[in-house]
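Peer 1: Fold the stuff below for me.
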Amino acid sequence: MSVLEMKVPSPGESITEVEIATWLVKDGDYVEKDQPIAEVDSDKATLELPAEQSGVITLKAEEGDVVQVGQVVCLIDMDAARPEGGAPAAEAPKQEEAPKAAEPAKQEAPKPAAPAAAPTTYATGAPSPAAKKILDEKGMDAGQVSGTGRDGRITKTDAELAAVPALGGSPLTATGSRSTTTTKLSVLRRKIAQRLVSVKNETAMLTTFNEVDMSEIFRLRKLYKEEFAQKHGVGLGFMSFFTKAVTRALEMYPDVNASIDGDFKVNYDFCDISIAVSGPKGLMVPVLRNAENMSFSAVEANIKDLATKVRDGKITVDEMTGGTFTITNGGTFGSMLSTPIINPPQSAILGMHNIIQRPVAVDGQVVIRPMMYVAMSYDHRIIDGKESVGFLVAVKEGIDNPVQVLMGGDERKGLGL
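Peer 2: The predicted model follows:
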């Protein structure tokens, strides 16, 4: 009998464990070689685990289990015959489950007598420790409160809703749904939470704001979007303009394109731009390598490809590793203004927001323009206010006047047309 032990492969450098997010097959199924059999979460991405050989699979880990890289998670019997018609093999064990299911029913038969034996008096239910503290602060007795918890137990919410009789009120009883759902956070979500807290605690993060006029970008997109799409096969979006404006500003203010390593500052002579993308498993930040050398069409094509991989769960750890600066666009969800959090070990991040038609003063006249607030959060340990404000002004220059600043005065040539 030839049995293959399938072990967890290493998703990438520095990753030592993963979580079994979903088994895509059942115990006893026949699997084909290279067929996806599971989705596993690391602290950086969700990856598919393909079958290494064909055969009948035996699962050795449950969904939600955290397993080490190199640990056996399933066995594949390579000698097992492929079932006719593609039906899963090893159906016999499932048939044994029917009599087992009947046993608990026999044992639980006498239990209906229990509710009649002890009718619950909710008004005298025991309070939880948190509820007791609240009732003590209100000067109330537990007998004055109706408990909605198990066996009439007074919950913290019951105590908070209870009206103090001395004020002329009466105990309040919740009438709506009181159900709750508890779900374990994925490895990725737990890692994101850990990193966000560490950024707030370990950096001197400040945020500076400005606003940009999107009129010229609107004009260029309206004028050239069809020709651009026909020639390059991708749409002309906002992200290419902001990426080009950011790479220009990073070259002007190199300390923004830097990070701290202990007592040292590391400056990069390249611009690897992380683009925040919302996916099914949470926010991910795939990286555009050497974005300073990319054309508008190259930026758009690479962003489209990476975003598709994120949403399909196909993004790799290598495609999200590194990055010297991040751009995030909360405007796609309707955000007017926010303070983005730095993506460590980077030292700065640019936040884009929604575009609103607003009255602004231009040459002494009030006109309506499509305006966007932009925010830059930065680590004040290595970036001074002068550099942060200057950087954001440089970004504003590129967005307000893209033809002159980003395209050298020739809009068609700048767009590769």
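
Peer 1: what about residue 154, how many neighbours?
Peer 2: The number of residues packed near residue 154 is 27, by other C-beta atoms under 10 Å. (C-beta placed from N, C-alpha, C; glycine too.)

Peer 1: ditto for residue 142
Peer 2: When neighbours are counted by other C-beta under 10 Å, residue 142 registers 19.

Peer 1: and the gap between it and residue 148?
Peer 2: 13 Å (C-beta to C-beta, to the nearest Å).

Peer 1: Which neighbours do these two have in common?
Peer 2: Common contacts of residue 142 and residue 148 (C-beta atoms under 8 Å, 6 or more residues apart in numbering): none found.

Peer 1: what sits against residue 370?
Peer 2: By C-beta under 8 Å, 6+ apart, the neighbours of residue 370 are 213-215, 218, 355-357.

Peer 1: same question for the longest strand along the chain, mean pLDDT?
Peer 2: Scanning the chain for the longest strand, with DSSP state E as the assignment, gives strand 365-379. Across strand 365-379, pLDDT averages out at 95.

Peer 1: Quick one: distance of that strand to the chain centre.
Peer 2: Here strand 365-379 shows a centroid-to-chain-centroid distance of 26 Å under the convention C-alpha atoms, centre = their mean, to the nearest Å.

Peer 1: likewise stretch 200-213?
Peer 2: Chain-centre distance of stretch 200-213: 21 Å, with C-alpha atoms, centre = their mean.

Peer 1: Can you mark which positions in it are buried?
Peer 2: For stretch 200-213, the neighbour count (16 or more other C-beta atoms under 10 Å) marks 203, 205, 207-208, 211-213 as buried.

Peer 1: Extract the CA atoms of it and return them as CSV.
Peer 2: Taking Å, rounded to 0.1, in the frame of the first residue of the first chain, the C-alpha atoms of stretch 200-213 are listed here in CSV:
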residue,chain,number,x,y,z
LYS,A,200,0.3,53.0,16.9
ASN,A,201,2.5,52.1,19.9
GLU,A,202,6.0,52.0,18.2
THR,A,203,5.9,54.9,15.8
ALA,A,204,5.6,58.7,16.1
MET,A,205,2.8,58.8,13.6
LEU,A,206,1.4,62.1,12.4
THR,A,207,-0.9,63.0,9.5
THR,A,208,-0.9,66.0,7.2
PHE,A,209,-3.7,66.9,4.8
ASN,A,210,-4.3,68.7,1.5
GLU,A,211,-6.8,68.8,-1.3
VAL,A,212,-6.4,68.1,-5.0
ASP,A,213,-8.3,69.3,-8.0
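
Peer 1: List the neighbours of it that are in contact with it.
Peer 2: Here stretch 200-213 makes contact (C-beta under 8 Å, 6+ apart) with 199, 337, 339-342, 344, 360, 369-381, 385, 388-389, 392-393, 395-396, 399-400.

Peer 1: In which helix or strand does residue 390 reside?
Peer 2: For residue 390, the host element (DSSP states H and E) is helix 385-400.

Peer 1: immediately after that helix, which helix or strand?
Peer 2: The element immediately downstream of helix 385-400 (helix or strand, assigned by DSSP H and E) is helix 402-406.

Peer 1: how about that following helix: buried residues?
Peer 2: Here helix 402-406 shows 402-403, 405-406 as buried, counting by 16+ other C-beta under 10 Å.

Peer 1: again with stretch 217-230
Peer 2: Neighbour-count burial for stretch 217-230 [16+ other C-beta under 10 Å]: 217, 220-221, 224, 228.

Peer 1: can you check stretch 297-304 too?
Peer 2: Within stretch 297-304, the residues that qualify as buried are 297-303, counting by 16+ other C-beta under 10 Å.

Peer 1: now, among the residues you listed, which is nearest to residue 271?
Peer 2: residue 299 (11.3 Å; C-beta to C-beta).

Peer 1: What helix or strand is the closest one located in?
Peer 2: With DSSP H and E as criterion, residue 299 is part of helix 296-312.

Peer 1: per-residue confidence averaged over that helix?
Peer 2: Averaged across helix 296-312, pLDDT comes to 91.

Peer 1: next one: stretch 261-269
Peer 2: Here stretch 261-269 scores 91 as its mean pLDDT.

Peer 1: ends of it, how far apart?
Peer 2: Stretch 261-269 has an end-to-end distance of 16 Å (C-alpha to C-alpha, to the nearest Å).

Peer 1: switch to numbering from 248
Peer 2: OK, 248 is where the count begins now, so the last one is stretch 508-516.

Peer 1: and it, how far out from the chain's middle?
Peer 2: Taking C-alpha atoms, centre = their mean, one finds stretch 508-516 lying 28 Å from the centre of the chain it belongs to.

Peer 1: List the ones among the buried residues of stretch 447-460 that fall in strands.
Peer 2: Applying DSSP E to the buried residues of stretch 447-460, the entries found in strands are 452, 454-455, 458-460.

Peer 1: circling back to that earlier point, looking at the buried residues of stretch 464-477, which is nearest residue 408?
Peer 2: Closest approach between these and residue 408, by C-beta to C-beta: residue 464, at 51.7 Å.

Peer 1: quick one, helices of this structure?
Peer 2: 339-342, 344-355, 360-364, 376-385, 403-408, 434-449, 462-479, 485-499, 543-559, 632-647, 649-653, 658-661 (DSSP state H).

Peer 1: I'd like the distance between residue 544 and residue 562.
Peer 2: Taking C-beta to C-beta, one finds residue 544 at 22 Å from residue 562.

Peer 1: before we move on, the earlier item: format the buried residues of stretch 447-460 as JSON lines; extra columns: distance to residue 266.
Peer 2: What follows is the buried residues of stretch 447-460, written out as JSON lines (distance: C-beta to C-beta, whole Å):
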{"residue": "450", "distance to residue 266": "28"}
{"residue": "452", "distance to residue 266": "30"}
{"residue": "454", "distance to residue 266": "33"}
{"residue": "455", "distance to residue 266": "38"}
{"residue": "458", "distance to residue 266": "42"}
{"residue": "459", "distance to residue 266": "41"}
{"residue": "460", "distance to residue 266": "46"}
